[in-house]
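In: Quick one, structure for this:
(chains A and B)
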There are 2 protein chains.
Amino acid sequence: MLIVKKFGGTSVGSPERIMNVAIRCVEDFKKGHDVVVVLSAMGKTTDELIELAHKVNPKPPKRELDMLMTTGEQISVAMMAMAMDSLGVRAVSLNAYQVAMHTTSRYGNARLKRIDSDRIRHELEDHKIVIVTGFQGINKYDDYTTLGRGGSDTTAVALAAALHADACEIYTDVDGVYTCDPRIVKSARKLKEITYDEMLELATLGAGVLHNRSVEMAKKYGVTLVVRSSLNYSEGTLVKEDTKVERMLISGVAVDKNADRISVIGLKDQPGVAFRLFDVLAKANVNVDMILQSIGRDGTKDISFTCDDGAIDDAIKALEANKERLGYKSLDTLEDVAKVSIVGAGMMSHPGVAAKMFEALYNAGININMISTSEIRVTVLIREKEAERAAEAIHDLFDLGD
Amino acid sequence: MLIVKKFGGTSVGSPERIMNVAIRCVEDFKKGHDVVVVLSAMGKTTDELIELAHKVNPKPPKRELDMLMTTGEQISVAMMAMAMDSLGVRAVSLNAYQVAMHTTSRYGNARLKRIDSDRIRHELEDHKIVIVTGFQGINKYDDYTTLGRGGSDTTAVALAAALHADACEIYTDVDGVYTCDPRIVKSARKLKEITYDEMLELATLGAGVLHNRSVEMAKKYGVTLVVRSSLNYSEGTLVKEDTKVERMLISGVAVDKNADRISVIGLKDQPGVAFRLFDVLAKANVNVDMILQSIGRDGTKDISFTCDDGAIDDAIKALEANKERLGYKSLDTLEDVAKVSIVGAGMMSHPGVAAKMFEALYNAGININMISTSEIRVTVLIREKEAERAAEAIHDLFDLGD
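Out: Predicted coordinates for the structure are as follows:
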């Protein structure tokens, strides 16, 4: 069996943790498996390197920033190979060049294009554990690139696809994907499996343990992922294609407290109003999430949207600076709000799922501020202090617990 | 003009120092020169990485140690490119792969075989300052190698040769090569130039600011070196082929206090004795420098040698453990000794140079313990506390001062 195992920065944050990961990988190797390990930079290395860069240049060129940052994973993989050697196992570390991991040219946020698997296969045939730098690639100029957020997960999935691996294990500090955050809902249950689409919705909602791009890639190449803990031997959660005929109505409840709501009141009810509004926000670098537009009345309408906690000041500043151009009457903001979502591939074929969620909230006496839906998700905006209670009520009514 | 400039770890030891070096390089660039900069790792980075490695493996595999260490120079060059960018100058950093610097396979102590100059030439034509990682290369397996001590100097010289550079400037914390250490002899004078061979003798004597391998390579390819300070704009010392018909008798006086002497008394005067003796020392990792063997008398002879201060305990231990096998009567050690040498290409054609040195020592009432010579060097072993006085006396009699 060929296994790709990916460990994040926290899992390799110190020499001791590197030894622990080495021991774990060597166990699989000694069972006769081919093992390919993908690593992030140790602990806070990447942040420290960025800080160092800013000491000579407040806006470092991205090409050079990538040149600097890619040293982080190279340190991790060399350390890991040394740790495995000290356990008496032959291992070899490879960086983006040595593999070769070809990406698009864009520094700081490149996309993987093609992975040469020759060197890795050769080393595996030579009975070595192969340790590969995550997060990095090389572009057509022979320059280092980095893959942006969640990059090491993407490297692992891409390697699993290129090598036709039998398993792709993503190690994190939680032991799988739960029906809800166990800190919020005590009866939350670890899911044995979840579909790619469900995982994508959860990742988008900030509840995910995997980055979107890695899940998208896994879906595209049909790579079954296992999300599991680097701290214990619990089985984890499979992320895979939907294969069940009968499946659960919903897989989980996600809570995201990192939201504020702004309502723009009294906009003229005419074409181009929404475009101008969100153009102003985009230029102010405000990421807008849920959007709700009221039906026009008396020639005016209201538009409400949510954004991240940190962005509300920028949003208000941008809107006030453009008040005349946008032509609205007033702004109404609601901080301390939370998004609570249900996600489930089952809801596509079952009507009434949203209604059941609203029923749970009604029973708990919780008022809904905004509603947004996708094919396999329903999200409501409620007061932040009611978020836990809402999640519990929904979790109970859908009978998701143990 | 194409200039190769090499800066060591101390010169790039902090973001501030990196900015200073960047300013200096940009000055030359703005004069219209093509500038290639070779850098070592920042400050103590290499030592810190080795320390980190030892935390997971007391004997790390050399291939992985090189993989780890080469991140040090990559950090330096990326930082330097960012610093130059902040000065408004386009710069590009390149590591051993990107250049490509081909070396022999031997990890930890590889030799440069061939440098591809295409990428560097391309970047120079594109009006960029090119910043290259010193000390590192890649071997035929596509693995990183390091060049061992003085490696960055060697990289700079090799690049200067490959690019047919007009100048190769080696920046250090002293502003050139002196007739003697100015801390020892106040009237010591900076040399305008010195031959490769003289520089090689000085390097071997520990007085040199350049490593042997880089001087050997400069000699082989006829690269004229300039040794100068990164702290001031003083002209420095040229290291070049001997072109003068008439030249100074000697170029300088070198003092090395890092020596101890051991005499092995009463060895049998028969073949194989010296071999067994130095074999025992080699196996104990004792580096032997000067060797003197007395003429045999009464069937026995004495062998004296010098070694580094730090090695004398190991040497005595090894000799005592093998007393029976080596068959000597007793050991006599002399700590607190110093080597004082005169170096000069001129002495090859001038008899009496050694005699003049001995005259200076006789006038100063200094006793000579051992003598060793090469074609362009005479070294004497004397008491350490007399070293300064000896150097001064020799310096004066040869009229080397200002």
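In: how much space is there between A:Val26 and chain B?
Out: When C-beta to the nearest C-beta, to the nearest Å is applied, the distance between A:Val26 and chain B equals 13 Å. C-beta here means a position set from N, CA and C on the backbone, and glycine is covered the same way.
In: sec struct for that residue, please.
Out: For A:Val26, the reduced secondary structure class is helix; criterion used: DSSP: H, G, I helix; E, B strand; the rest coil.
In: give the contact list for the nearest residue to A:Pro61 once chain neighbours are set aside.
Out: Taking C-beta to C-beta, 6 or more residues apart in numbering or on different chains as the measure, A:Pro61 lies nearest to B:Asp85, with 5.1 Å between them; neighbours along the chain are not counted. With contact taken as C-beta atoms under 8 Å, 6 or more residues apart in numbering or on different chains, B:Asp85 is in contact with A:Asn57, A:Pro60, A:Pro61, A:Glu64, B:Ala91.
In: Quickly find the element holding B:Asp85.
Out: Counting by DSSP states H and E, the element that carries B:Asp85 is helix B:62-86.
In: partner residues bridging the closest residue in space to A:Ala156 that isn't next to it in sequence?
Out: Distances taken as C-beta to C-beta, 6+ apart put A:Lys6 closest to A:Ala156, at 3.6 Å, once the chain neighbours are dropped. The partner list for A:Lys6 in beta bridges (DSSP bridges) reads A:Val38, A:Ile170.
In: For A:Lys6, give me its contacts.
Out: The neighbours of A:Lys6, taking C-beta under 8 Å, 6+ apart as the test, are A:Val37, A:Val38, A:Leu39, A:Gly134, A:Ser152, A:Asp153, A:Thr155, A:Ala156, A:Cys168, A:Glu169, A:Ile170, A:Tyr171.
In: And the helix holding B:Asp85, what's buried?
Out: For helix B:62-86, burial by neighbour count (16 or more other C-beta atoms under 10 Å in any protein chain shown) applies to B:63-86.
In: Repeat that for stretch A:185-201.
Out: For stretch A:185-201, a neighbour-count test (16+ other C-beta under 10 Å) marks A:185, A:188-191, A:193-201 as buried.
In: buried subset of the contacts of B:Asp85?
Out: By the neighbour-count criterion of 16+ other C-beta under 10 Å, the contacts of B:Asp85 include these buried positions: A:Asn57, A:Pro60, A:Pro61, A:Glu64, B:Ala91.
In: part of a strand, is the first one?
Out: No. Counting by three-state DSSP, one finds A:Asn57 to be coil, located in no strand.
In: Distance check, it against chain B.
Out: Applying C-beta to the nearest C-beta to A:Asn57 and chain B gives a distance of 4 Å.
In: Ok, the second one next?
Out: The gap separating A:Pro60 from chain B is 4 Å, by C-beta to the nearest C-beta.
In: so that residue touches A:Glu51, yeah?
Out: No. Assessed by C-beta atoms under 8 Å, A:Pro60 is found out of contact with A:Glu51, at 11.1 Å.
In: After the longest strand along chain A, heading C-terminal, what element do we hit next?
Out: Across chain A, the longest stretch assigned as strand under DSSP state E is strand A:252-268. Where DSSP H and E defines the elements, the next helix or strand beyond strand A:252-268 is helix A:273-283.
In: closest point of the stretch 151-300 of chain A to chain B, which residue?
Out: Here the stretch 151-300 of chain A gets closest to chain B at one residue, A:Ser230, 16.6 Å apart by C-beta to the nearest C-beta.
In: residues near that residue, how many?
Out: Residues lying near A:Ser230 (other C-beta atoms under 10 Å in any protein chain shown) number 22.
In: Ok, the one 10 residues further on next?
Out: Residue neighbour count, defined by other C-beta under 10 Å, stands at 18 for A:Lys240.
In: Need the pLDDT of it.
Out: At A:Lys240, the predicted lDDT confidence score is 91.
In: what bridges to it?
Out: With DSSP bridges applied, A:Lys240 shows beta-bridge pairing to A:Thr195.
In: Tell me which residues of stretch A:278-293 come out buried.
Out: Of the residues in stretch A:278-293, those buried by neighbour count under the rule 16+ other C-beta under 10 Å are A:Val280, A:Leu281, A:Ala284, A:Val286, A:Val288, A:Asp289, A:Met290, A:Leu292, A:Gln293.
In: How about stretch A:171-187?
Out: Going by neighbour count (16+ other C-beta under 10 Å), the buried part of stretch A:171-187 is A:Tyr171, A:Thr172, A:Val174, A:Asp175, A:Gly176, A:Val177, A:Tyr178, A:Thr179, A:Cys180, A:Asp181, A:Ile184, A:Val185.
In: JSON lines for those residues, including secondary structure?
Out: Below are these laid out as JSON lines (three-state DSSP):
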{"residue": "A:Tyr171", "secondary structure": "strand"}
{"residue": "A:Thr172", "secondary structure": "strand"}
{"residue": "A:Val174", "secondary structure": "coil"}
{"residue": "A:Asp175", "secondary structure": "coil"}
{"residue": "A:Gly176", "secondary structure": "coil"}
{"residue": "A:Val177", "secondary structure": "coil"}
{"residue": "A:Tyr178", "secondary structure": "strand"}
{"residue": "A:Thr179", "secondary structure": "coil"}
{"residue": "A:Cys180", "secondary structure": "coil"}
{"residue": "A:Asp181", "secondary structure": "coil"}
{"residue": "A:Ile184", "secondary structure": "coil"}
{"residue": "A:Val185", "secondary structure": "coil"}
